[in-house]
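Asker: 3D model of this:
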Amino acid sequence: MIDKRVRSLADAVAGIPDGATILCAGFGGAGLPDALCEAVIEQGARDLTIVANNAGTGRTGLAALLATGRVKRIICSFPRSSGSVVFEELYAAGRIELELVPQGIISERMRCAAAGLGGFYSPVSVGTRLAEGKEHREIDGRMYVLEKPLKGDVALLAADRGDRWGNLSYRKSARNFNPTMAMAASLSIAQVRHFVELGEIDPETVITPGIFVDRLVEVPA
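Answerer: Residues are numbered from 1 along each chain as shown. Model prediction:
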């Protein structure tokens, strides 16, 4: 019988290795896997690379993980959003590396990893420092740069409901990067607000099919 549910947050993040690249879902304050991020603190993995839209808010969740000093690098679109105090402190002290990637590009790079593609050409960043060292190609008279796939070892996700097969549904904007990250990682772990029985999620509202989810843990609101 397929049952991807685990009993605890510790079980959910067990085995994440040092040096892992972790895709961390969320957009602003929506769809954040805060409980899983804090479970990684207890789990102990270090020398991590984090891929996220924001660089954490306040001092909980992703920000709390950054504060431990165990994240060596973050690939991010909005590192200086409202409340990103921990990142700013670390970056000013030279204790974390930053790769700045435009939001659409970071999403498409992960989608390419999910689809098994070798990358894509984009006009975004042409003529800027973000394009330095990247392959350039002229297509129909316009210059493009090659953006390579962005794959994670682990994805940390947050959903509203999940069943034992790993099917997930989200509430409104909490969907954000979660579906793409689930497909772009070797190990996908989801925290859900509610466990439900098979069939309780309308197939039309299953946004992330269980084939892309390896573990899920219930974390009530």
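
Asker: quick one: the residue of the chain most remote from its centre and Glu135, what's the gap?
Answerer: Using CA atoms, centre = their mean, the residue of the chain lying farthest from its centre is Gly141. It sits 35.1 Å away. According to CB to CB, to the nearest Å, Gly141 and Glu135 sit 18 Å apart. C-beta: built from backbone N, CA, C; applies to glycine.

Asker: for Ile96, same thing?
Answerer: Counting by CB to CB - Ile96 and Glu135 are separated by 27 Å.

Asker: neighbour count for the two, which is higher?
Answerer: Using other CB atoms under 10 Å as the criterion, Ile96 and Glu135 rank with Ile96 on top: 20 against 12.

Asker: buried sites along stretch 140-156?
Answerer: Buried residues in stretch 140-156, counted by 16 or more other CB atoms under 10 Å: 144-145, 147, 149-156.

Asker: ok, Ile2 - contacts?
Answerer: Ile2 makes contacts with 164-165, 210, as judged by CB atoms under 8 Å, 6 or more residues apart in numbering.

Asker: closest to Phe27 among the residues you listed?
Answerer: Gly210 (23.1 Å; CB to CB).

Asker: so who does the closest one touch?
Answerer: 2, 4, 163, 165-168.

Asker: please apply the same query to Glu138.
Answerer: Contacts of Glu138 (CB under 8 Å, 6+ apart): Tyr144.

Asker: can you pull out the helices in this structure?
Answerer: 9-12, 34-43, 62-67, 85-92, 103-115, 178-183 (DSSP state H).

Asker: for the first one, packing partners?
Answerer: Other helices and strands packing on helix 9-12, by 3 or more CB pairs under 8 Å, 6 or more residues apart in numbering; DSSP states H and E, are helix 34-43, strand 185-195, strand 215-218.

Asker: residues contacting that helix, please?
Answerer: If you take CB under 8 Å, 6+ apart as the criterion, helix 9-12 is touched by 6, 35-36, 38-39, 42-43, 189, 191, 215-217, 219.

Asker: just the buried members of the residues you listed?
Answerer: Using 16+ other CB under 10 Å, the buried ones in those are 6, 35-36, 38-39, 189, 191, 215-217, 219.

Asker: could you dump these to a markdown table with pLDDT?
Answerer: Below are the buried ones among the contacts of helix 9-12 laid out as a markdown table (pLDDT from 0 to 100):
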| residue | pLDDT |
| --- | --- |
| Val6 | 98 |
| Ala35 | 97 |
| Leu36 | 98 |
| Glu38 | 97 |
| Ala39 | 98 |
| Ile189 | 98 |
| Gln191 | 98 |
| Arg215 | 98 |
| Leu216 | 98 |
| Val217 | 98 |
| Val219 | 97 |
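
Asker: and of those, the nearest to Ala174?
Answerer: Gln191 (11.5 Å).

Asker: OK, contacts around the closest one?
Answerer: 9, 12, 33, 35-36, 156-159, 216-219.

Asker: circling back to that earlier point, quick one, which of the helices and strands packed on helix 9-12 gets closest to Phe27.
Answerer: Using CB to CB, the nearest of these to Phe27 is helix 34-43, at 13.4 Å.
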